[in-house]
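Engineer: sequence? don't have it. structure:
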């Protein structure tokens, strides 16, 4: 069997020792593990941003990958640590909804409340459960693959609904969920939320902030230089971008900005 | 044979799932690959910046390393994906000039137009060929090492000339190509562009923006505190730095600023 | 024996090829090495920041880990390269105090002045000893484990004292040593510097900038929303944080701000 893969998704940033410390803890338990960073720049304490990051990446990993997801505003309080099995992959995370995209997409989800404290790094701190709880549990799991030994199954895990566009009076209202590295605006519209004309002949009518967008194209590179266009991004959401430009900066539009689809 | 090494150089940034997704795709095809990040902070869509990043790093890697370079403003359009072999290393990149430093430095360059779509991740998106084309091609290459199976050889690949200083009337005009992490200004002058006096007794006369630089020293740490000095940086270009300071910030000078060498 | 682990702690940032180049150098010498980033965002040239980063992480790594620490304002000058052995781990760094936390915490420290230039990458540049000296020495060490072959033992290595709070007239004066990714203010107070009442019933009286802090809690998440509270952070220092907020931004307080503990 090839080495176990353990991925990390956190809001720790890359400015200090936190991520390195997680990796040390894992390698001390399982020196053969392959550790992969998904991202450590989830917006601090932002469960939706964390859910989107792991939700966009996990399905590209091989079976039996273990995903550690630590966005944890309630660290040190009563929220439970979870081990979730879905689609032949594993997820280790706090029970605060940060795995909501996985719950929504996968059919056979088994969640366990991790109570096997002998796997923790002792003494457990009150503020760094990534190091003391989640990383060691993932590392021990990668050696023994015994999920049942981690704790009892639970079904009342926390889950939030992803924000969906709301249709009223022939208009659908959505939002900018995130801004990517190129300044593209990732909305919460999916292709199935659009009128048929958008996909067939590229006609669409979006209003995002003060900007109108009237062309749906295959990729941002199909737009004219400086033109704001809509297209279906790689994560399956409609995005608004500017060819060879930064839409967020050019249009002064950020996360949370309303996006209105007219003539729906 | 030791595990294959696959490096990644992109403009994806580290704020979302993109880089993690590339790694998942590679490990799903070849779980034994060793993946190394060169940088993911190439200036967005900036082919020169990407060319300098991979061009400064590749020669330090072992033979048979596979370098994935994705700076791809034309993603989803007709530009070709390339597999380039040079100096016993491999490069997988869009055909847009981002490998120009390799073309310039290496003698035996063989470029192939990748057309083996059965290696792609299907369906291929219009906006994320790093995930759907370049990463899987690199991963399959690292298992089979059959370059010919990827596509036909081509010789009309895109190549741009690196900006070189221009000499006229005893004056040579160059630019600041980039600013490094310490604020040092990396110019496009090479030691051979300087008058002999610069290397022998440290006499030189640079004008960069409103700042004069008259001393050539072995390393920025040889300068007096706060003094702007010139030296040959680790990538072989003349740099202008301030000892224990940040030249870019102190002098308010950024990328693209003209650099004039007098008395040449 | 499992593969050697080599960690990297630098102030190189992640915007260019520097870190990728270090990894290429290591893998060319020892393709079996596992390379782990601690952080590359140490504040440029900041020895205290570097010392805190490696000092907070090293003890979580397995025995025989090799830590490369390059914060090196004197690169290219006469400062010595060191190989330090402590607690069954290895540290490769310039002799400028950046290992001070290790010297302070560990009992059996053996330092060697690295003089085995045949291990260097030749020709050695004046500005990039991470690539030409420290990375190759670490890589060769990970193959042969012969510390004595690197150079003679020395005892006059540079060491600085970590800033400690100063008590006078019933008041103790400390500082904010760093700000973490969440905006929490990491002070230089340790639990043993606090009056007994702080740990038993949570009563404390800190003044940091213009902000008073009167509650000591188990974790920042125990604070009321928006309340500035004190707690013992994961690295063993007292931190000041705001639940679900960014203390540094909210209170406009940064590194170096005085922290006064009253009624000590």
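Structural biologist: Done, it's in. Here the structure is a predicted model, which is why all the values come from computation and not from measurement. Numbers count the residues shown, from 1 in each chain, chains lettered A, B, ... in the order given.

Engineer: and stretch A:129-139, how far apart are its ends?
Structural biologist: Its first and final residues considered, stretch A:129-139 spans 14 Å by C-alpha to C-alpha, to the nearest Å.

Engineer: what about that stretch, near chain B?
Structural biologist: No: contact of stretch A:129-139 with chain B is not found when judged by C-beta under 8 Å from any C-beta of the partner chain; the minimum separation is 15.4 Å. Where C-beta positions appear, they are placed from N, C-alpha and C, glycine not excepted.

Engineer: for stretch A:147-164, same thing?
Structural biologist: No: Stretch A:147-164 does not reach chain B (C-beta under 8 Å from any C-beta); its nearest approach is 15.2 Å.

Engineer: and that stretch, is it in reach of chain C?
Structural biologist: No: counting by C-beta under 8 Å from any C-beta, chain C has no neighbours in stretch A:147-164; the shortest distance is 15.4 Å.

Engineer: got a list of contacts for that stretch?
Structural biologist: A:47-48, A:51, A:80, A:82-85, A:90, A:95-97, A:99-101, A:103-104, A:110-116, A:119, A:137, A:141, A:174-175, A:177, A:188 (C-beta atoms under 8 Å, 6 or more residues apart in numbering or on different chains).

Engineer: what does stretch A:24-34 give?
Structural biologist: For stretch A:24-34, the surrounding residues in contact (C-beta under 8 Å, 6+ apart) are A:3-6, A:35, A:121, A:131, A:135-136, A:138-140, A:142-143, B:27, B:31, C:2-3, C:5, C:7, C:34, C:36, C:57-58, C:60-62, C:65.

Engineer: Now with 6 Å, please.
Structural biologist: The contact list for stretch A:24-34, computed with C-beta atoms under 6 Å, 6 or more residues apart in numbering or on different chains, reads A:3-6, A:131, A:135-136, A:139, A:142-143, C:2, C:5, C:60-62.

Engineer: ditto for stretch A:115-134
Structural biologist: A:21-22, A:25, A:68, A:70, A:75-76, A:81, A:92, A:136-137, A:140, A:150-151, C:218-219, C:233-234.

Engineer: what does stretch A:206-224 give?
Structural biologist: Counting by C-beta under 6 Å, 6+ apart, stretch A:206-224 makes contact with A:198, A:202, A:204-205, A:228-231, A:240-241, A:243, A:251, A:253, A:257, A:259-261, B:74-77, B:126-127, all of which sit outside it.

Engineer: PyMOL command to pick out the buried ones of the residues you listed?
Structural biologist: In PyMOL, this line selects whichever of the contacts of stretch A:206-224 come out buried by 16 or more other C-beta atoms under 10 Å in any protein chain shown:
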select buried, (chain A and resi 198+202+204+205+228+229+230+231+240+241+243+251+253+257+259+260+261) or (chain B and resi 74+75+76+126+127)
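
Engineer: First-to-last residue distance for stretch A:68-82?
Structural biologist: When the termini of stretch A:68-82 are compared using C-alpha to C-alpha, they are 10 Å apart.

Engineer: for that stretch, the distance to its chain's centre please.
Structural biologist: Here the centre of stretch A:68-82 is set off from its chain's centre by 16 Å, with C-alpha atoms, centre = their mean, to the nearest Å.

Engineer: Likewise for stretch A:174-192?
Structural biologist: Taking C-alpha atoms, centre = their mean, the mean C-alpha location of stretch A:174-192 is offset from the chain mean by 13 Å.

Engineer: ditto for stretch A:169-178
Structural biologist: On C-alpha atoms, centre = their mean, the centre of stretch A:169-178 falls 20 Å from that of its chain.

Engineer: who in chain A is up against chain B?
Structural biologist: When proximity is defined by C-beta under 6 Å from any C-beta of the partner chain, chain A lies next to chain B at A:2, A:5, A:36, A:38-39, A:41, A:53, A:56-57, A:60-62, A:180-182, A:218-219, A:221, A:233-234, A:244.

Engineer: show me where chain A has helices.
Structural biologist: Listed in chain order, the helices of chain A (DSSP state H) span A:18-29, A:47-57, A:100-105, A:129, A:135-144, A:196-201, A:247-251.

Engineer: Could you measure from the residue in the stretch 101-250 of chain A positioned nearest to chain C over to residue B:70?
Structural biologist: With C-beta to the nearest C-beta as the measure, the residue in the stretch 101-250 of chain A that lies nearest chain C is residue A:128; the distance is 3.4 Å. Shown here: residue A:128 relative to residue B:70, a distance of 35 Å by C-beta to C-beta, to the nearest Å.

Engineer: Just name the closest of the contacts of stretch A:24-34 to chain B, please.
Structural biologist: Relative to chain B, the closest of the contacts of stretch A:24-34 is residue A:5; by C-beta to the nearest C-beta it sits at 5.9 Å.

Engineer: Burial check on the residue of the stretch 101-250 of chain A closest to chain C, number of neighbours?
Structural biologist: The number of residues packed near residue A:128 is 24, by other C-beta atoms under 10 Å in any protein chain shown.

Engineer: likewise residue A:63?
Structural biologist: 9.

Engineer: for it, what are its contacts?
Structural biologist: Contact criterion C-beta under 6 Å, 6+ apart gives residue A:88 as the residues in contact with residue A:63.

Engineer: Check the one 10 residues further on too.
Structural biologist: Taking C-beta under 6 Å, 6+ apart, we find residue A:73 in contact with A:45, C:244.

Engineer: mind redoing it with 7 Å?
Structural biologist: Contacts for residue A:73 (C-beta atoms under 7 Å, 6 or more residues apart in numbering or on different chains) come out as A:45, C:221, C:244.
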